[in-house]
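> have a look at this prediction, sequence included:
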Amino acid sequence: MNFKTYLINMEKSKDRLEYMSGQLNKLGIDFEIQKGVDGKTYDFGDIYNEALSIKLKGGPLSLVERGCAMSHRLVLEKIKREEVEY
């Protein structure tokens, strides 16, 4: 079975995208780029539960951590929506 690979990358990180794309291409791994979420500008609305974060982690998530988590969540939602095998 071939697994679908997602490369999460911030739009501003062009050097990282070029490097990681090159590495995956060298290995012959097909991938899809997922735009990373900038936690400093993203409106999390009701998605982020600070009380739960404090309970589970002992403190709130930083904006960078929130953006990272949301980036991964968007990939998982895409996998579910497109019924990607895993």
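Yes, it's here.
> okay, now the sheet partners of the helix or strand where residue 7 lies, with direction.
According to DSSP states H and E, residue 7 maps onto strand 5-9. Using DSSP bridges, the strands paired with strand 5-9 in its sheet are strand 31-35 (parallel).
> put the alpha carbons of the strand it pairs with into PDB.
This file holds the C-alpha atoms of strand 31-35, laid out as PDB (Å, rounded to 0.1, in the frame of the first residue of the first chain):
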ATOM      1  CA  PHE A  31       3.400  14.400  -1.800                       C
ATOM      2  CA  GLU A  32       0.700  17.100  -1.600                       C
ATOM      3  CA  ILE A  33       1.400  20.500  -0.100                       C
ATOM      4  CA  GLN A  34      -0.800  21.700   2.700                       C
ATOM      5  CA  LYS A  35      -0.600  25.400   3.500                       C
END
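> of all residues in this protein, which one is nearest the centre?
When C-alpha atoms, centre = their mean is applied to the chain, the residue found nearest the centroid is residue 71 (2.7 Å).
> that one touches residue 36, doesn't it?
Yes: look at residue 71 against residue 36 with C-beta atoms under 8 Å: they come within range, at 4.7 Å. (Each C-beta comes from the backbone N, C-alpha and C, glycine too.)
> longest single helix anywhere in this structure?
Longest helix in the chain by number of residues (criterion: DSSP state H): helix 63-81.
> okay, the angle between that helix and strand 31-35?
Using axes from the mean of the first three to the mean of the last three C-alpha atoms, to 10 degrees, the direction of helix 63-81 lies 130 degrees away from that of strand 31-35.
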